[in-house]
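Novice: predicted coordinates and the sequence they were generated for:
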Amino acid sequence: MAQRSGSADLPLHGGRVPRWLGDRMTRLGAVMCEAIIHHYGREELLRRLAHPFWFQSFGAVMGMDWHSSGITTSVIGALKRGLAPLSGELGIHVCGGRGAHSRKTPQELAVIGERVGLDGTGLATASRLVAKVDSAAVQDGFDLYLHGFIVTDDGDWVVVQQGMNGDSRVARRYHWLSEGLKSFVDQPHAAIEGANQGEIVNLTDRRADASRKGQLELLQDLGPDRILREFAALERDVTTEPEPEQP
C-alpha cells in the first residue's frame, strides 16, 4: 500500500532552467541514481526520493541549488529523461511530469505494466488516488500541477507531486511511498513539514473518521444532486431568516 511520507513548502517561481543546466542535471541525476541502486538497491532509492529534505538536497547536488518550486519540476524532468535509456538495466521507470505530462501518467503506467509484467491498471488507480487525496481530502489551498510517479520492476513506487497557491506565491511538494501503510485516507502521513498556512480541512486525520463515514452515508442516501439541493435550501433559509425585533 502507500505511505504519505512528507511535504515541503517552496517559493513559487515561473520559467524554466537553462538548456545547459537541464542537460547536466539529466546526466548527473542518472549517474547518481545508478550508483544508489547498485550499492543499496531500488527500494532504497525510492525511500530517499520520498524524503522531502533528501529530495531537496538531491536537486541541489544535481545543480538546481535555488530554493524554488522549480527544483521539483527540474528534478522529475531530468530523472525521466536520464533514466529512460537505463530502465531495462536498472528496473526503474519515471512517469508523469508537469501539466499535460501529469495527465499522461495512467497511460504510461499501462505501457510499463504490459512491458515488464506489472498490474498497470492497479498502478494507474494508485496514481489517481494519491492525486485525489492531496487535492480533495487535504484541502490546504494548493492546486496540483505536477505529478511524478516512479515505479520499479518489483511494483514498488514513489510519487512526488506539487501544488501551487497563487495568492501566497508558494508551492507545496507532497511525497508518497508504497511501503508500510494500510490506507490511503486514514492517517497516511509519516511526516509533514512546511510553513503554517492557517486552518485547513484534513479528512485524512484519524479524528475525521466520523466525518468521512457521514459523508459517505449522505452520498449513499441522498446522492450528489439532492445534497446540492438541500444545501441550496439551507442557504436560502439563512438569508431569509427575519432579524429579531429591537427592544
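Specialist: Everything's here; your move.
Novice: and for stretch 28-39, what's in contact with it?
Specialist: 44-45, 48, 58, 61-63, 75, 78-79, 82-83, 86, 90, 92 (CB atoms under 8 Å, 6 or more residues apart in numbering). Just so you know, the C-beta spots here come from the backbone N, C-alpha and C atoms, and that holds for glycine as well.
Novice: quick one: mean pLDDT over that stretch.
Specialist: The predicted model gives stretch 28-39 an average pLDDT of 98.
Novice: which parts of this protein are helices?
Specialist: Using DSSP state H, the helices found in the chain span residues 19-40, 42-49, 52-62, 70-83, 87-90, 100-103, 105-116, 120-132, 209-221, 223-240.
Novice: by contact count, what packs against the fourth one?
Specialist: Think helix 70-83. If you count contacts as 3 or more CB pairs under 8 Å, 6 or more residues apart in numbering; DSSP states H and E, helix 70-83 packs onto helix 19-40, helix 52-62, strand 92-98, strand 143-152, strand 157-165.
Novice: nearest to residue 130 among those would be which one?
Specialist: Proximity to residue 130, assessed across the helices and strands packed on helix 70-83 by CB to CB, is greatest for strand 157-165 (4.9 Å).
Novice: list the helices and strands that closest one packs on?
Specialist: Using 3+ CB pairs under 8 Å, 6+ apart, strand 157-165 sits against helix 42-49, helix 70-83, helix 120-132, strand 143-152, strand 170-177.
Novice: and those, which is most packed in?
Specialist: Ranked by mean neighbour count, these are led by strand 170-177 with a mean of 25 (mean count of other CB atoms under 10 Å).
Novice: give me the angle between that strand and helix 70-83.
Specialist: For strand 170-177 against helix 70-83, the angle by axes from the mean of the first three to the mean of the last three CA atoms, to 10 degrees is 40 degrees.
Novice: off-centre distance for strand 170-177?
Specialist: With CA atoms, centre = their mean, to the nearest Å as the basis, strand 170-177 stands 6 Å off its chain's centre.
Novice: shift numbering so it begins at 689
Specialist: In the new count, where the first residue is 689, that last one comes out as strand 858-865.
Novice: tell me the angle it makes with helix 808-820.
Specialist: Interaxial angle, strand 858-865 versus helix 808-820 (the same axes, to 10 degrees): 140 degrees.
Novice: parallel or antiparallel, list what pairs with strand 858-865.
Specialist: Paired strands of strand 858-865, with direction, are strand 691-699 (antiparallel), strand 845-853 (antiparallel) (DSSP bridges).
Novice: lowest average pLDDT across these?
Specialist: strand 691-699 (a mean of 57).
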